[in-house]
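> what follows is a predicted structure for the sequence shown.
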Amino acid sequence: MANTSFFEEMAERNAATSTTGLCSICKGSRKLCGKDRCPLMIKFYSQQKTMPLLDVKDLVGCSPPAVFVGRYGYPKVDIGPLVPPEFGDTSILDTPERWSGKSIEDIVDMRFRLVRGKYRIDATNFKTAGKIVNNIQELALTEKPVEVEANFRQRPSGRVILDDEVQPFGPSARMDDMKMGNGRFERNLEKNFYDTDLRATEAVVNAYKNGTLISEIQKAFSVGTMGVDKRRRFVPTRWSITAIDDIIGKDLLKDTKYFPTIDDYRVYQWEQLDNRWCIIMMPCTWRYELIEAWYPNTTWNPTGQDIDIISDHEFYEGRSEYAHIGGCYYAARMASNELLLKERRTAGVLVWREAHPGYVMPVGVWNVRENVRQALETKCAHYDSLEGALAHIDRVMDIKQDTWIKNSGVLKDWLIQRRIEDYY
């Protein structure tokens with residue numbers, strides 16, 4: 001389901017309800033679908049603000065900087081810049097680390113201003129594709145907004161792209177050429193670009209440890225600027241986002257798994273974009289789980305009558321299969337280990353998320369990463385027992401502990417398996 005864009009999902013839903021004419025009766029004002037706000041109207045108002053500025057074939061503006069690499073048809077994929085029809089400091093448009101506290105309307109407004117240019121290349125043999133590839137790479141490495149001119153074959157069009165992995169962006173058009181001004185490279189990414197003997201995983205970790213934002217690393221990784229020269233390739237943006245969270249998370253675990261355990265049970269709580277979070281840390285060796293509960297009339301449960309609960313977990317040895325819950329799993333794991341590294345402790349980590357009906361649109365996996373980070377910066381509640389922590393969950397979450405336990409591989413193991421301390 002996560003592979004389907006939001007508006008494709010909405011189109012299917014509209015088709016399914018065509019006999020009742022639900023949307024035509026509602027017209028975005030009566031909330032007949034049960035959502036707090038009409039997703040189509042949010043998109044419409046953002047489009048109305050931006051489309052008059054996009055009625056051109058030659059678009060000039062300051063890219064945040066931002067790039068996008070598609071995945072359909074891989075290794076033959078579309079690459080290109082994301083350019084707004086405006087000048088000045090546009091950096092916030094592609095820096096999700098700065099989006100905390102913004103509403104879905106704010107995020108869609110920002111992202112719809114970014115127009116995607118599309119230029120087809122072979123992701124595994126990009127060095128023969130010419131100057132546009134060089135420009136895209138330079139754009140991804142650039143530290144601050146830079147002026148970009150994109151020459152399109154036709155005027156930009158199409159729907160807003162919304163996905164639970166990738167930040168949304170606006171209309172697109174096939175691009176014949178692009179020009180960009182001079183910009184300074186981000187120093188860690190520049191070093192990785194010129195070091196053609198450094199493995200990509202080492203390049204990612206080095207940039208992260210030296211203070212480069214994860215969103216910046218993801219862009220540079222996606223356009224083939226890291227790794228051993230002969231193995232470099234363009235990576236679809238969707239894949240690169242998860243890859244970076246996974247690489248950094250695994251590197252953090254190399255240390256955190258061997259630290260002493262925390263001393264008690266902790267509960268952190270947080271709420272943003274009508275997503276409610278509770279994170280339990282248990283005084284034990286490393287184990288981890290993400291459980292997401294999608295209420296009816298939310299993004300990935302648009303027509304259901306019941307709450308849809310999905311989960312993935314791992315124990316001390318980690319996991320070898322890709323988490324079917326998607327990139328959110330790796331984002332939350334990475335964010336959790338940032339705190340454990342800071343405290344030089346290890347723990348069992350349970351991340352529980354309730355997505356309520358106000359979460360009417362997907363806005364990207366950054367939503368999980370940054371909100372788990374925010375949650376772990378708050379003052380936590382401390383308990384001497386798991387029972388106390390679960391009682392806290394009952395007080396602050398709509399879903400009660402019995403349902404969480406029923407869907408939790410980690411807690412089932414914790415409650416059933418005997419441990420050596422049980423005999424003392």
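Alright, I've got the coordinates. Numbers count the residues shown, from 1 in each chain.
> can you name every helix or strand that the helix ranked longest in the chain contacts?
For the chain, the helix that runs over the most residues, judged by DSSP state H, is helix 237-256. Helix 237-256 is packed against strand 67-69, helix 200-209, helix 214-222, helix 327-343, with contacts defined by 3 or more Cβ pairs under 8 Å, 6 or more residues apart in numbering; DSSP states H and E. All C-beta atoms are positioned from the backbone trio N, CA, C, and that covers glycine.
> residue ranges of each domain in this structure, please.
Domains of the chain are assigned by automatic domain parsing as 35-180, 187-254, 265-423.
> figure out which of the helices and strands packed on helix 237-256 is closest to residue 149.
Smallest distance to residue 149 across the helices and strands packed on helix 237-256 (Cβ to Cβ): 15.2 Å, for strand 67-69.
> tell me which of the helices and strands packed on helix 237-256 lies nearest to residue 263.
helix 327-343 (10.9 Å).
> tell me what the closest one is packed against?
helix 237-256, strand 287-294, strand 348-355, helix 366-376.
> what about 10 Å?
helix 214-222, helix 237-256, strand 265-272, strand 275-282, strand 287-294, strand 308-314, strand 348-355, helix 366-376 (3 or more Cβ pairs under 10 Å, 6 or more residues apart in numbering; DSSP states H and E).
> chain center to stretch 199-207, what's the gap?
Its chain's average C-alpha position is 20 Å from that of stretch 199-207, according to Cα atoms, centre = their mean, to the nearest Å.
> report the buried residues of that stretch.
Residues of stretch 199-207 classed as buried by neighbour count (16 or more other Cβ atoms under 10 Å): 200-201, 203-207.
> distance to residue 357 and pLDDT for those - can I get that in TSV?
Listed next are those as TSV, based on distance: Cβ to Cβ, whole Å; pLDDT from 0 to 100:
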residue	distance to residue 357	pLDDT
200	40	97
201	40	98
203	42	98
204	37	98
205	39	98
206	42	98
207	39	98
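> now the residues you listed in JSON lines, please, with extra columns for distance to residue 256.
What follows is the buried residues of stretch 199-207, written out as JSON lines (distance: Cβ to Cβ, whole Å):
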{"residue": "200", "distance to residue 256": "22"}
{"residue": "201", "distance to residue 256": "17"}
{"residue": "203", "distance to residue 256": "22"}
{"residue": "204", "distance to residue 256": "18"}
{"residue": "205", "distance to residue 256": "14"}
{"residue": "206", "distance to residue 256": "19"}
{"residue": "207", "distance to residue 256": "20"}
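> least confident secondary structure element in this structure?
When each helix and strand of the chain is scored by mean pLDDT, DSSP states H and E, helix 6-16 comes last, with a mean of 39.
> assign a three-state SS to residue 306, would you?
The assignment at residue 306 comes out as coil when based on DSSP: H, G, I helix; E, B strand; the rest coil.
> these two touch, right, it and residue 295?
Yes - if you go by Cβ atoms under 10 Å, residue 306 and residue 295 touch, sitting 9.2 Å apart.
> between the two, which one's more packed in?
residue 295 (20 against 9; other Cβ atoms under 10 Å).
> pLDDT weak spots in the stretch 101-250 of the chain?
158-163 (pLDDT under 70).
> just the strands in it please.
115-122, 146-152, 172-180 (DSSP state E, counting those that start in this stretch).
> out of the ones you listed, flag the one nearest residue 240.
Of all these, strand 115-122 sits nearest to residue 240, with 15.5 Å by Cβ to Cβ.
> in that closest one, what counts as buried?
115-119, 121.
> tell me the one of those residues nearest residue 259?
Nearest to residue 259 among the buried residues of strand 115-122, with distances taken as Cβ to Cβ, is residue 116, at 43.2 Å.
> now the closest one: how far from residue 104?
20 Å (Cβ to Cβ, to the nearest Å).
> repeat that for residue 253.
33 Å.
> just residue 122 next, same as before
To residue 104, residue 122 is 37 Å away according to Cβ to Cβ.
> distance of the closest residue to residue 381 other than its chain neighbours from residue 155?
Among residues not flanking residue 381 along the chain, residue 267 sits closest, at 4.6 Å (Cβ to Cβ, 6 or more residues apart in numbering). Distance check for residue 267 against residue 155: by Cβ to Cβ, it reads 52 Å.
> counting neighbours, go ahead and name the busier of the two.
The residue with more neighbours, out of residue 267 and residue 155, is residue 267; 22 against 13, by other Cβ under 10 Å.
> measure stretch 338-350 end to end?
Stretch 338-350 has an end-to-end distance of 15 Å (Cα to Cα, to the nearest Å).
> what pLDDT, on average, does that stretch get?
The average pLDDT for stretch 338-350 rounds to 98.
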